[in-house]
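# what would the 3D arrangement of this be:
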Amino acid sequence: MLATLKQGRRPLAFWAGCLAVTAGVLLHIPMFLMGKDMDYHLAGMPMDTGMLTGMGLIVFGVLLAAWGLLPPPHVLKADGGVRMSPSEDAKLNSAHIGLMVLLVVALVVDVMKPASLGLVVPGMRTEYGVSKAFVAWLPFTALTGTFVGSLVWGVLADIYGRRASILLSSVLFVGTAICGAMPSFGWNVFMCFMMGAGAGGLLPVVYALLAEIMPARHRGWALVVVGGLGAAGGYLAATGLSALLQPVFGWRIMWLLNLPTGLILILLSPLLPESAKFLMQTGRMDEARQILDRFGSKLMPVEPQPEGATPPDLKAASKGVALSLTGLTWSFINFGILLWLPAELVAKGYNIAVASKLLAFSAVIAFPAVLLVALLYSRWSTKGALAVSMVVSGLGLVGVILIDKPIGTAIVDPLIPISLLILGSNGMLAVLLPYTAELFPARVRGRATGTVAGATKFGGLIAQGLSLLALVPVLGHAAWAVIGLLVVCIGLIVFYGEETRGRDLRTLDDIHA
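Numbers count the residues shown, from 1 in each chain. Model prediction:
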């Protein structure tokens, strides 16, 4: 148990780095408070010495924390060819439930960041006096950060560990809270790139960690419940806090929330374990056994793969293409359609507070659906649950088309189509990355999940690139295009996807003990 409390090889360096980052953020708070009598408008105000010092502390603190998180060098051990892996038949215990709760909190914090992008754009346009096309640099740069973060953190997770990667993301969350105090649009854009990198990096690593710790019979529903609650909770937290706080403190408060939410993850970090499978791959057997004891598991031999099986590289390529295209399609929904919706609703007469409440209520409706998706995933079919979520998303898109261009004189209540769209897209995300984590072996699981997670951001880059070029399509036309992609993706998943329900992940792994 004591091994799980250590933050890498240099715990003091990690905690000192966290304190430096926190102090750097706090030095920006006076600038924000100075804008109280101006509705917290800070555009054009000069950056004082405290803010510049704070930025230096943040950079120093992130580097120091990263150095403190570095794991021991890899010391692989030979075993004469006997393949071993943690057992897949452990009983569900309080450690598993605690880990699930912790990772739900982590995903709620993570999803809040990109979900807030569409909610801050109207206020930013007003304060900075920029055009609709120019303000798109903010979500474009933030999404670029999430794309880069997904790929980079996926690699880091396979090299330095799942736990260290999650903690580094949390440190970045804290540092990027200063987005809320940046007086110039350019500085805001730069800091939001860093925020995006942290957010994009955390998501795939969470799924890789959970897939490697949960027992086989509970993995399916646990992955989907954690993913679904995290996605729905993050969207609800973003829209709910926006409706509550933006009318009082303005759009900047949404970025300042990175400070308390990031600190929550860091303070909970002693409860976060490392993957025993990763520890075994790096020869850290004593630490791996402590983790296995904590989760009621033990080492078992892995049965050899049957001869004549399809070459893994060919299978992996086919699965990777299908999953990445599905992630791309999801990103068009989440970072295209859903980001454009608030502005569309405002254009149709709703103010930003009402629009935020409408989106928040739709997110509440999506919560019970997570349990249904988890049931379908664990009891019926993993790839079938993904396909059903895509169909629901398609129905929501049809409703968006009707909002944009009603049939005849009928007025479409936006609550139903938005609820379907949020429900379906949350279901897609809740299933997609867990499904990916169950399809690839431990040695590349972080990279594979990171690649698909990166695809879930790349469509957002395309959508926001259109905004930068002032080529944003009519919402209804965009919805039709995404429906077409959904149809293609459903076919690919049905044809190339494998059924993973009840799969023993030891058959995928190549771990020696």
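# alpha carbons only for contacts and neighbour counts from here, please
OK.
# spatially, what comes nearest to residue 246 if we skip its sequence neighbours?
The shortest distance from residue 246 to any non-neighbouring residue, by Cα to Cα, 6 or more residues apart in numbering, is to residue 253 (6.8 Å).
# and the one you found, how far is that from residue 178?
Taking Cα to Cα, to the nearest Å as the measure, residue 253 falls 10 Å from residue 178.
# for whatever helix or strand residue 464 lives in, which helices and strands make contact with it?
Using DSSP states H and E, the secondary-structure element containing residue 464 is helix 442-468. Taking 3 or more Cα pairs under 8 Å, 6 or more residues apart in numbering; DSSP states H and E as the contact definition, the neighbouring helices and strands of helix 442-468 are helix 132-135, helix 137-159, helix 185-213, helix 276-281, helix 312-332, helix 415-437.
# tell me which of those helices lies nearest to residue 102.
In terms of Cα to Cα, the element of those nearest to residue 102 is helix 185-213, at 10.2 Å.
# next secondary structure element downstream of the closest one?
Counting by DSSP H and E, the element that comes right after helix 185-213 along the chain is helix 216-249.
# what's the angle from that following helix to helix 415-437?
Relative orientation of helix 216-249 versus helix 415-437 (axes from the mean of the first three to the mean of the last three Cα atoms, to 10 degrees): 130 degrees.
# now do helix 216-249: which elements does it pack against?
Of the remaining helices and strands, those touching helix 216-249 by 3+ Cα pairs under 8 Å, 6+ apart are helix 94-115, helix 185-213, helix 253-256, helix 352-375, helix 415-437.
# among those, which is nearest residue 463?
helix 94-115 (13.9 Å).
# who touches the closest one?
Surrounding helix 94-115, the residues in contact under the criterion Cα atoms under 8 Å, 6 or more residues apart in numbering are 142-143, 195-196, 199-200, 202-203, 206, 210, 213-214, 222, 226-227, 229-235, 237-239, 261-262, 265, 268, 271-272, 294-295.
# just stretch 171-184 next, same as before
18, 21-22, 24-25, 28-29, 31-32, 42-47, 58, 62, 65, 128, 187-188, 191-192, 194-195, 198-199, 252-263, 266.
# list only buried entries from the contacts of helix 94-115.
By neighbour count, with 16 or more other Cα atoms under 10 Å, the contacts of helix 94-115 hold 142-143, 195-196, 199-200, 202-203, 206, 210, 213-214, 222, 226-227, 229-235, 237-239, 261-262, 265, 272, 295 as buried.
# mean pLDDT and distance to residue 447 added to the helices and strands packed on helix 442-468, as CSV?
Putting the helices and strands packed on helix 442-468 into CSV (pLDDT from 0 to 100; distance: least, Cα to Cα, whole Å) gives the following:
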stretch, mean pLDDT, distance to residue 447
helix 132-135, 75, 32
helix 137-159, 82, 4
helix 185-213, 81, 9
helix 276-281, 81, 13
helix 312-332, 81, 11
helix 415-437, 83, 10
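# returning to what we had before: higher neighbour count, residue 253 and residue 178?
Neighbours were tallied for residue 253 and for residue 178 using other Cα atoms under 10 Å; the higher tally belongs to residue 178 (31 against 21).
# now do the contacts for the residue nearest to residue 421 when sequence neighbours are not counted.
For residue 421, the nearest residue in space outside its immediate sequence neighbours is residue 396; the separation is 4.2 Å by Cα to Cα, 6+ apart. Shown in contact with residue 396 (Cα under 8 Å, 6+ apart): 416-422, 424.
# just the pLDDT for residue 396.
Taken from the predicted model, the pLDDT recorded for residue 396 is 90.
# let me know the secondary structure of it.
helix (DSSP: H, G, I helix; E, B strand; the rest coil).
# got the phi and psi for the closest residue to residue 89 other than its chain neighbours?
By the measure of Cα to Cα, 6+ apart, the closest residue to residue 89 outside its immediate chain neighbours is residue 215, 5.6 Å from it. Main-chain dihedrals, residue 215, degrees, to the nearest 10: phi -60, psi 160.
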